[in-house]
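S.K.: Here is a sequence together with a model predicted from it:
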Amino acid sequence: MSPRRRPLRASRLLRSLIGLGLAGVLAACSAEAVLRPEVDVGVRTAAVSGGGLQNLVPSNPMMTSYPRFTMPRDPAAAMPADEAACRRELKRLGVTYRDLAPIDDGGACRIDHPVEVSALSGGIKMQPPATLNCRMAATFARWTKNELAPAARMRYLSGIDTIRQGSSYSCRRIRGTGVASEHSKGNALDVMSITLNNGREIDVRRPGFFAFRQRGLLNKVRAQGCGYFTTVLGPGYDADHADHFHFDIKERKNGYRACR
């Protein structure tokens with residue numbers, strides 16, 4: 001072989017090796033791009049629209065080292081169907097509320113999907129905002145809209161500005177027993193007073209003998225409440241309820257209701 005042809009063949013061999021090396025590097029980079037995509041699928045979804053997601057998944061089903069992508073989801077999607085339906089009902093009733101994180105204070109003291117109610121239909125303010133389960137919030141909102149507000153307008157020719165509540169969710173037992181209060185489940189609400197748009201405050205404590213309008217309203221509160229709640233306890237029942245009305249939706253056998 002001529003000495004002049006050896007450098008030429010060596011040069012060709014070197015170029016071939018370099019070409020193979022570059023191809024290998026490119027192939028490695030391509031595989032790395034698949035296994036470690038720069039696109040954050042959970043945030044920048046527009047960057048992988050169409051069939052782009054398929055290109056990020058290795059074709060070999062035995063490969064499990066690729067990233068697992070989680071698309072962003074609507075927080076309400078994790079709620080049970082009845083909770084989502086209840087929130088739609090709150091919106092229909094004109095309730096101003098916000099969802100809270102789950103409450104778990106141990107034992108019966110818990111609400112899995114609590115809401116904080118700050119206002120009711122017609123702009124009636126709840127002071128302070130009440131922490132309840134959604135079913136109790138919806139029940140109180142319906143009663144206020146259908147019964148309490150019309151009764152106040154009929155007797156005082158004024159709408160309601162504020163309902164002052166004394167207790168919503170509270171981790172406690174019924175006095176003298178080991179039974180959990182309905183407050184511990186967000187299932188109860190205590191109403192202390194009602195302020196009208198004309199500035200008049202209606203204290204729910206037993207009115208004087210000549211307070212006919214107030215007595216009529218409070219009697220209406222007690223009577224009509226029994227059509228919505230399973231428990232209505234107020235002034236005159238016992239010392240613990242002398243200064244407020246207690247409403248709850250405790251489930252009892254045979255549909256029994258305690259309205260006193």
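M.R.: Thanks, I have the structure now.

S.K.: can you pull the contacts of residue 121?
M.R.: By CB atoms under 8 Å, 6 or more residues apart in numbering, the residues touching residue 121 are 93-95, 141, 144-145, 149. For the C-beta atoms, the positions are set from N, CA and C on the backbone; glycine is no exception.

S.K.: can you tell me how far the nearest residue to it once chain neighbours are set aside sits from residue 120?
M.R.: Nearest residue to residue 121 in three dimensions, chain neighbours excluded: residue 94, at 3.7 Å (CB to CB, 6 or more residues apart in numbering). Noted for residue 94: a distance of 7 Å to residue 120, by CB to CB, to the nearest Å.

S.K.: Now for these two: what residues contact both?
M.R.: With CB under 8 Å, 6+ apart, residue 94 and residue 120 have common neighbours 141, 145.

S.K.: Looking at those two, which one has more neighbours?
M.R.: residue 120 (27 against 14; other CB atoms under 10 Å).

S.K.: That one and residue 126 touch, don't they?
M.R.: Yes. With contacts counted by CB atoms under 8 Å, residue 120 reaches residue 126, the gap being 6.5 Å.

S.K.: Can you name every helix or strand that the strand or helix carrying residue 162 contacts?
M.R.: Assigned by DSSP states H and E, residue 162 belongs to strand 160-167. Contacts defined by 3 or more CB pairs under 8 Å, 6 or more residues apart in numbering; DSSP states H and E place strand 160-167 against strand 124-133, strand 188-196.

S.K.: need the contacts of residue 121 in JSON lines with pLDDT and secondary structure, can you?
M.R.: Conversion of the contacts of residue 121 to JSON lines gives the following (pLDDT from 0 to 100; DSSP: H, G, I helix; E, B strand; the rest coil):
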{"residue": "93", "pLDDT": "97", "secondary structure": "coil"}
{"residue": "94", "pLDDT": "97", "secondary structure": "coil"}
{"residue": "95", "pLDDT": "98", "secondary structure": "coil"}
{"residue": "141", "pLDDT": "98", "secondary structure": "helix"}
{"residue": "144", "pLDDT": "96", "secondary structure": "helix"}
{"residue": "145", "pLDDT": "96", "secondary structure": "helix"}
{"residue": "149", "pLDDT": "94", "secondary structure": "helix"}
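
S.K.: Need the max-distance pair from these.
M.R.: 95 and 149 (13.2 Å; CB to CB).

S.K.: Give the residue from those two that has the larger number of neighbours.
M.R.: Remark: of residue 95 and residue 149, residue 95 carries more neighbours, 25 against 19, as counted by other CB under 10 Å.

S.K.: separation between the more buried one and residue 129?
M.R.: Relative to residue 129, and taking CB to CB, residue 95 is found at 11 Å.

S.K.: burial of the spatially closest residue to residue 237 that is not a sequence neighbour, as a residue count?
M.R.: Of all residues not flanking residue 237 in the chain, residue 260 sits nearest, at 4.7 Å (CB to CB, 6+ apart). Using other CB under 10 Å, residue 260 has 12 neighbouring residues.

S.K.: just to revisit the earlier point, ok, the residue nearest to residue 121 - contacts?
M.R.: Contacts of residue 94 by CB under 8 Å, 6+ apart are 120-122, 141, 145.

S.K.: how about these in CSV, adding distance to residue 191?
M.R.: Formatted as CSV, the contacts of residue 94 follow (distance: CB to CB, whole Å):
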residue, distance to residue 191
120, 12
121, 16
122, 16
141, 13
145, 15
